[in-house]
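Asker: generate coordinates for the sequence data below:
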Amino acid sequence: MAVAILREGDLLIASIESDLSDSEVIALRDDLTRMVGDHRIQGIVIDVAALDVIDSFVARALRAIVLTARLRGAETVIIGIQPDVAIAMVQFRLNLEPLRAALDLEAAKAILLRRTQGDALDGR
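Answerer: As a prediction, this is how the structure comes out:
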């Protein structure tokens, strides 16, 4: 698979290294979902910087990862969306809810830290 998945504490960092086939996108979703439960993961960062295009299938798969991870107790942040890709995604009116994006890994970690600390303070 063209995705490297690194575990850092209760965080998974999935770095997509090249364009993915539909079956590889589905395998990524399944692997991340399984790993959330196996390792009690609280946050996922998906780096899409290597993607020149995010089509409707990939956008739906990213949404599915976010929703599935949330049901398993983990928050997800997408990083590295290239400017041209972001413009195309908006022009094609892809449904991006509830995707949360950040520019880089540090910003994503800050978002996830706020989300997980906020849940702890709220008693969730």
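Asker: quick check: which element contains residue 29?
Answerer: Using DSSP states H and E, residue 29 falls within helix 22-39.
Asker: buried residues in the least confident helix or strand in the chain by mean pLDDT?
Answerer: Least confident element among the helices and strands of the chain, by mean pLDDT, DSSP states H and E: helix 105-122 (a mean of 81). Neighbour counts using 16 or more other C-beta atoms under 10 Å place 105, 108-109, 111-112, 115-116 of helix 105-122 among the buried residues. To be clear about C-beta, it is placed using only N, CA and C from the backbone, and glycine gets the same treatment.
Asker: secondary structure element for the residue nearest the centre of the chain, which one?
Answerer: Central residue of the chain (C-alpha atoms, centre = their mean): residue 46, 3.8 Å from the mean position. Taking DSSP H and E as the definition, residue 46 sits inside strand 43-47.
Asker: let me know the next secondary structure element after that strand.
Answerer: helix 56-71.
Asker: residues contacting that following helix, please?
Answerer: 20, 22, 25-26, 28-29, 32-33, 36, 41, 44, 46, 48, 51, 54, 75-76, 78, 89, 92, 94-100 (C-beta atoms under 8 Å, 6 or more residues apart in numbering).
Asker: between it and helix 22-39, how many degrees?
Answerer: 10 degrees (axes from the mean of the first three to the mean of the last three C-alpha atoms, to 10 degrees).
Asker: next one: helix 56-71 to chain centre, how far?
Answerer: Computed by C-alpha atoms, centre = their mean, to the nearest Å, the chain-centroid distance of helix 56-71 equals 8 Å.
Asker: cool, and stretch 71-87?
Answerer: 5 Å.
Asker: do you know how far residue 22 is from residue 56?
Answerer: 11 Å (C-beta to C-beta, to the nearest Å).
Asker: where does pLDDT dip in this structure?
Answerer: The chain contains residues with pLDDT under 70 at 1, 118-124.
Asker: list the buried residues of the helix or strand hosting residue 86.
Answerer: Assigning secondary structure by DSSP H and E places residue 86 in helix 83-91. Residues 85, 89 are the ones in helix 83-91 that count as buried (16+ other C-beta under 10 Å).
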